[in-house]
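K.L.:
sequence and predicted structure below; questions after.
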Amino acid sequence: MDRKEFARRRRQFMRMIGKDAIAILPAAPVRHRNGDMEYAYRQDSHFHYLSGFPEPDSVAVLVPGRPQGEYLLFVREHDAVREAWDGARAGTEGAVEHYGADDAFPITDIDEILPGLLERRSQIYYSMGTHPDFDSHVLSWVHGLRSQARQGAATPHEFVALRHVLDDMRLYKSRAEQASLRRSAQIAVGAHRRAMRFARPGRMEYEVMAELLHEFRSHNADLSYYPIVGGGANSCVMHYRDNDQRLCDGDLLLLDAGCEHDYYASDITRTFPVGGRFSSAQRAVYEVVLDAQLAAIDKVRSGNHWNHPHEAAVRVITQGLVKLGLLKGKLAALLKDQAYLQFFGHRTGHWLGLDVHDVGDYKVGGEWRVLEPGMTLTVEPGIYIRPSPRVPKEFWNIGVRIEDEVLVTADAPEVLTAALEKTPEAIEYLLRAA
Ligand code: GLY
Ligand code: MN
Ligand code: MN
């Protein structure tokens, strides 16, 4: 992403917190899988959002109005031996030259420099509890200053949760972010198509997952979350992760997978028949979920509130379950009793952005948030029918979820994942052509 985008965000952020405040953002720590083996490093999303700086052991500090420089980075210094093992570091000069810092210091000097920056600032914007090891540093700097207060040092008197400001900024996706989300979606669409073509009776769920991974890595993308590749009964397990069963003719396969490309996540679900053709019961359930999803997407409009799409999905699913004979009673009463919950137990979506379940409050002042252009969310209703004596056998183990990504615009909702086959006809056609 263009460096100017990060500079623009910093300017906006500093305008919002004001000249009485300072913001401190630590990079994500390196996490160990076991022994000295590290997980792939993923920068903290807030830190990335404002800095674009990819290295661990770094701290970004924003000091609005500071004459000698408002944006400071504390970073790892060059170290020939470490860089020979782990790769190049930006160093302090790289932080200034390539990442737009007004000034940069070695991370090892932070204890000497940071307390001076806190003086005469009343609020510290900081995410307490996110990186607990770093919390103790911040508290010790503030305590140090307070103990000198008798000598006249002015000390900050208020911690403010950084997320109050940053979550809201991140909720509105800029043009550049929309482009990144589109790219991430496009890669995930390709991966789903590849996996759908590959899946057939006899293949293993993990082999299908391997197709997804191949496509993601071929485009320099990684998983944005561990994918769900659930055939048959596993399609009804909401957070199925084993992905180790054989695919059987006659079963559905539920594929919930997305990637992260240049820090932006995608998140798509498709459900399709392993053998290439929906049974009539599968197709009937599928069409209810599809109708619910289309009705919900149609509610993703500027001026509607967050819960409108969910309400639309719930209504269509309840009607559909009645038509299928799986619920009995009057629509109004069933809606009031939330009878759908036994088949559709999750919400219809979530914000999407740097994180799959992106930041941003769903309610403001106790009311559902009103949708505005630039907000991006998923729309993902589902129906999951586990074996039960109350349910005709042809419906057992049918789990269907359909998930797309939708951008709120000034006009019609824009489905970022619209290119991926979704109607039963288009899906069967794709599977036949495989
Ligand atoms: N796969 C996570 C989600 O759909 O929310
Ligand atoms: Mn998903
Ligand atoms: Mn999702």
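P.N.:
Received, thanks. Ligands and ions are numbered 1, 2, ... in the order given.

K.L.:
confirm Ala60 sits in a helix?
P.N.:
No - counting by DSSP: H, G, I helix; E, B strand; the rest coil, Ala60 falls outside a helix, being strand.

K.L.:
hang on, it packs against Leu25?
P.N.:
Yes - assessed by C-beta atoms under 8 Å, Ala60 is found in contact with Leu25 at 4.5 Å. In this view, the C-beta of every residue, glycine as well, is placed from N, C-alpha and C.

K.L.:
overlap in contacts of these two?
P.N.:
Phe47, Leu50, Ser51 (C-beta atoms under 8 Å, 6 or more residues apart in numbering).

K.L.:
could these go into JSON lines alongside pLDDT and neighbour count?
P.N.:
Formatted as JSON lines, the shared contacts of Ala60 and Leu25 follow (pLDDT from 0 to 100; neighbours: other C-beta atoms under 10 Å):
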{"residue": "Phe47", "pLDDT": "98", "neighbour count": "21"}
{"residue": "Leu50", "pLDDT": "98", "neighbour count": "22"}
{"residue": "Ser51", "pLDDT": "98", "neighbour count": "26"}
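
K.L.:
please name the nearest non-neighbouring residue to the residue nearest in space to the middle of the chain.
P.N.:
Taking C-alpha atoms, centre = their mean as the criterion, Val356 is the residue nearest the geometric centre of the chain, at 1.3 Å. Excluding the flanking residues, the one nearest Val356 by C-beta to C-beta, 6 or more residues apart in numbering is Ala265, at 4.5 Å.

K.L.:
burial count for that neighbour?
P.N.:
Here the number of neighbours of Ala265 (other C-beta atoms under 10 Å) works out to 28.

K.L.:
ligand 2 contacts on the chain?
P.N.:
Within the chain, the positions lying close to ligand 2 (C-beta under 5 Å from the ion) are Asp256, Asp267, Thr269, Glu403.

K.L.:
can you report phi and psi for Pro273?
P.N.:
The phi/psi pair for Pro273 (degrees, to the nearest 10) reads phi -80, psi 130.

K.L.:
when you give positions from now on, start the count at 10
P.N.:
From this message on, residue numbering opens at 10, which makes the last subject Pro282.

K.L.:
look up how far ligand 3 lies from it.
P.N.:
Going from Pro282 to ligand 3 by C-beta to the ion, to the nearest Å gives 22 Å.

K.L.:
so which elements touch the lengthiest helix in the chain?
P.N.:
Longest among the helix segments of the chain by residue count, using DSSP state H, is helix 184-207. In terms of contacts (3 or more C-beta pairs under 8 Å, 6 or more residues apart in numbering; DSSP states H and E), helix 184-207 is packed against helix 214-227, strand 261-266, strand 268-270, strand 273-274, strand 277-282, strand 413-416, helix 433-442.

K.L.:
would the second one count as contacting ligand 3?
P.N.:
In this case it means strand 261-266. No - interface with ligand 3: strand 261-266 contributes nothing (C-beta under 5 Å from the ion), its closest point being 7.2 Å away.

K.L.:
what residues of that strand count as buried?
P.N.:
Neighbour-count burial for strand 261-266, with 16 or more other C-beta atoms under 10 Å as criterion, is recorded at Leu261, Leu262, Leu263, Leu264, Asp265, Ala266.

K.L.:
ok, now stretch 73-90?
P.N.:
Pro73, Arg75, Glu79, Tyr80, Leu81, Leu82, Phe83, Val84, Arg85.

K.L.:
so of these, which ones are in strands?
P.N.:
Those of the buried residues of stretch 73-90 mapping onto strands are Tyr80, Leu81, Leu82, Phe83, Val84, per DSSP state E.

K.L.:
between which two of those is the distance greatest?
P.N.:
Greatest spatial distance among these (C-beta to C-beta): Tyr80 and Val84, at 12.7 Å.

K.L.:
need the residues touching each of these two.
P.N.:
With C-beta under 8 Å, 6+ apart, Tyr80 and Val84 have no common neighbours.

K.L.:
where does the protein dip in pLDDT?
P.N.:
160-163 (pLDDT under 70).

K.L.:
and it, which residues reach ligand 3?
P.N.:
Asp276, Thr387.

K.L.:
can you rerun that using 8 Å?
P.N.:
Proximity of the chain to ligand 3 is confined to Asp265, Gly267, Asp276, Thr278, Gly358, His359, Leu361, Val365, His366, Thr387, Glu389, Glu412 under the rule C-beta under 8 Å from the ion.

K.L.:
roughly how far does the last one sit from Gln328?
P.N.:
Per C-beta to C-beta, to the nearest Å, Glu412 is found 21 Å from Gln328.

K.L.:
off-centre distance for the host helix or strand of His55?
P.N.:
Assigned by DSSP states H and E, His55 belongs to helix 54-60. Its chain's average C-alpha position is 14 Å from that of helix 54-60, according to C-alpha atoms, centre = their mean, to the nearest Å.

K.L.:
next, count neighbours for the residue of the stretch 60-209 of the chain found nearest ligand 2.
P.N.:
Relative to ligand 2, the nearest point of the stretch 60-209 of the chain is Ala197 (9.9 Å; C-beta to the ion). By other C-beta under 10 Å, 29 other residues sit near Ala197.

K.L.:
which of the residues of the chain next to ligand 2 lies closest to Pro65?
P.N.:
The closest of these, once distances to Pro65 are taken by C-beta to C-beta, is Asp276, at 26.1 Å.

K.L.:
alright, I will stop here.
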